[in-house]
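Participant: structural data only, the sequence is not supplied:
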């Protein structure tokens with residue numbers, strides 16, 4: 001019997017980031033392995049990366065500049081025959097991003113709805129949580145306003161944006177109400193699930209944990225020369241860019257031939273500063289928009305990846321990609337990262353968030369490894385992540401949660 005799955009995602013790969021990439025990989029996995037499945041994707045991206053056999057429909061209502069505009073649009077969607085007909089004509093609705101206002105509508109029409117969480121939006125307006133949290137997540141409007149302000153300030157937003165974000169924080173209370181109507185809620189790591197469940201204990205029985213599928217990335221042929229470290233987080237504070245700069249400064253004093261490859265988004269002021277440093281030392285390279293081939297080239301010449309995030313990262317594709325390419329990740333003990341590296345050499349590379357001394361110790365240890373040791377570690381990292389994030393197993397888990405009525 002044919003099962004019709006409606007996917008509602010305002011952004012879609014290559015638009016967006018890790019969540020959109022994961023959604024694309026998940027739909028590809030489900031489409032390949034379930035012959036009786038018919039998938040329709042409703043999205044606000046009019047140039048999505050298409051999947052053979054999957055029907056993509058563009059919706060202007062989903063093509064919005066902010067989540068507030070999106071939520072406003074979708075709160076009136078029930079008045080439109082288009083949305084009602086689309087939901088009725090499908091058996092299951094799958095919401096992997098922010099289209100939460102449609103959850104009550106789907107239930108009113110008697111259909112199953114599954115939500116996939118790739119961040120912390122249901123419990124905090126800014127969708128990210130700094131890594132200081134070590135026990136139950138503290139809920140409350142004032143606490144969430146403070147979190148939103150801290151997050152925007154860390155991003156060097158102007159006063160207007162800080163105040164605007166804070167004033168809109170109460171709207172996130174609606175997300176909690178919408179989520180409670182879902183039949184199932186999928187989290188991407190045990191740590192993410194633990195944090196969200198602590199804030200939403202009344203629906204704890206609806207939660208499931210399924211790791212995201214892996215991208216198709218080959219093992220890199222290493223061309224290691226000078227000591228080289230790769231960083232992919234751009235100049236964002238919460239990605240720990242300030243830690244990378246401090247690590248570089250300290251390491252350059254000891255290793256004059258050390259290289260740092262910096263990829264991601266950098267504002268002009270940061271680029272100008274890095275250019276000045278590079279004129280004196282010739283040790284920094286900046287890469288902003290890179291494709292997969294360029295990314296693999298960077299991994300191939302890198303001894304290690306510096307993953308310095310100070311957020312509770314739900315599940316980092318950067319760390320997964322590093323291990324797939326056979327590049328040692330020096331990783332912050334945040335979110336789902338310990339689950340990724342558990343039982344591998346990379347588990348030794350975990351350090352406490354914000355601890356520069358530990359970062360430097362791990363970096364020096366990597367540089368002490370012989371070529372033979374590096375080769376064996378690289379192969380081991382790739383094999384372990386391929387085993388743990390087995391596509392067949394992930395497909396079975398997702399199919400049972402999403403497709404079973």
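Facilitator: Here it is on my side, so go on. As the structure is a computational prediction, the values presented were derived from the model and not from experiment.
Participant: residue ranges of the helices in the stretch 301-405 of the chain, please?
Facilitator: 317-324, 337-341, 356-367, 371-388, 391-398 (DSSP state H, counting those that start in this stretch).
Participant: reformat those helices as TSV; add mean neighbour count, mean pLDDT and distance to residue 250.
Facilitator: C-beta coordinates here come from the backbone N, C-alpha and C atoms, glycine included. Shown next, in TSV, are the helices of the stretch 301-405 of the chain (neighbours: other CB atoms under 10 Å; pLDDT from 0 to 100; distance: least, CB to CB, whole Å):
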stretch	mean neighbour count	mean pLDDT	distance to residue 250
helix 317-324	24	96	22
helix 337-341	22	97	23
helix 356-367	17	96	6
helix 371-388	15	94	22
helix 391-398	16	96	40
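Participant: between the ones you listed, which gets nearest to residue 280?
Facilitator: Across these, residue 280 has its closest neighbour in helix 356-367 (21.3 Å, CB to CB).
Participant: list the helices and strands the closest one packs on?
Facilitator: Packing partners of helix 356-367 (3 or more CB pairs under 8 Å, 6 or more residues apart in numbering; DSSP states H and E): helix 241-254, strand 304-307, strand 328-332, strand 350-351.
Participant: winner for burial among these?
Facilitator: strand 328-332 (a mean of 27; mean count of other CB atoms under 10 Å).
Participant: what pLDDT, on average, does that one get?
Facilitator: Strand 328-332 carries an average pLDDT of 97.
Participant: residue contacts, residue 375?
Facilitator: Contact analysis of residue 375 by CB atoms under 8 Å, 6 or more residues apart in numbering lists residue 222.
Participant: can we see that at 10 Å?
Facilitator: For residue 375, the contact set (CB atoms under 10 Å, 6 or more residues apart in numbering) comprises 222, 326, 369.
Participant: show me where pLDDT drops low in the protein?
Facilitator: 133-136, 156-158, 160, 405 (pLDDT under 70).
Participant: neighbour-wise, give me the winner out of the contacts of residue 375.
Facilitator: Scoring the contacts of residue 375 on neighbours with other CB atoms under 10 Å, the highest-scoring entry is residue 326 at 23 neighbours.
Participant: outline the domain layout of the chain.
Facilitator: Per automatic domain parsing, the structural domains of the chain span 3-133+172-212+390-403, 228-388.
Participant: mind putting those domains into CSV with distance to residue 165?
Facilitator: CSV is the format used below for the domains of the chain (distance: least, CB to CB, whole Å):
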stretch, distance to residue 165
domain 3-133+172-212+390-403, 7
domain 228-388, 14
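Participant: out of these, nearest to residue 163?
Facilitator: domain 3-133+172-212+390-403 (13.4 Å).
Participant: quick one on the thing from earlier: so which of the helices of the stretch 301-405 of the chain gets nearest residue 117?
Facilitator: Going by CB to CB, the one of the helices of the stretch 301-405 of the chain nearest residue 117 is helix 391-398, 13.8 Å.
Participant: roughly how far is the closest one from the heart of the chain?
Facilitator: Chain-centre distance of helix 391-398: 19 Å, with CA atoms, centre = their mean, to the nearest Å.
Participant: neighbouring contacts of it?
Facilitator: Under CB under 10 Å, 6+ apart, the answer for helix 391-398 is 25-30, 32-34, 94, 114, 116, 186, 208-214, 216, 387, 390.
Participant: name the element residue 94 belongs to?
Facilitator: In the assignment (DSSP states H and E), residue 94 maps to strand 92-95.
Participant: in the following helix or strand past that strand, which residues are buried?
Facilitator: With elements assigned by DSSP H and E, the helix or strand that comes after strand 92-95 is helix 102-108. Under the neighbour-count criterion of 16 or more other CB atoms under 10 Å, helix 102-108 has 102, 103, 104, 105, 106, 107 buried.
Participant: elements contacting helix 102-108?
Facilitator: Contacts defined by 3 or more CB pairs under 10 Å, 6 or more residues apart in numbering; DSSP states H and E place helix 102-108 against strand 3-9, helix 67-74, helix 81-88, strand 92-95, strand 112-116, helix 172-179.
Participant: note down every partner strand of the shortest one and its orientation.
Facilitator: Here strand 92-95 is paired, per DSSP bridges, with strand 3-9 (parallel), strand 112-116 (parallel).
Participant: surely residue 340 and residue 211 touch.
Facilitator: Yes. Here residue 340 lies in contact with residue 211, judged by CB atoms under 10 Å, at a distance of 8.4 Å.
Participant: what do the two both touch?
Facilitator: Each of 189, 315, 320, 388, 389 lies in contact with both residue 340 and residue 211 under the rule CB under 10 Å, 6+ apart.
Participant: am I right that the first one is in contact with residue 319?
Facilitator: Looking back up the chat, that one is residue 189. No. The criterion here is CB under 10 Å, and residue 189 misses it with residue 319 at 11.3 Å.
Participant: shared neighbours of these two, anything?
Facilitator: Residues touching both residue 189 and residue 319 (CB under 10 Å, 6+ apart): 313, 336, 337, 340.
Participant: can I get these in a markdown table including distance to residue 232?
Facilitator: Converted to a markdown table, those look like this (distance: CB to CB, whole Å):
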| residue | distance to residue 232 |
| --- | --- |
| 313 | 13 |
| 336 | 17 |
| 337 | 14 |
| 340 | 15 |
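Participant: and those, which two are furthest apart?
Facilitator: So, those by CB to CB: farthest apart are 313 and 340, at 9.7 Å.
Participant: give me the common contacts of the two.
Facilitator: Contact criterion CB under 10 Å, 6+ apart; residues shared by residue 313 and residue 340: 189, 319, 331.
Participant: stretch 283-296: how far from the chain's middle?
Facilitator: With CA atoms, centre = their mean, you get 19 Å for stretch 283-296.
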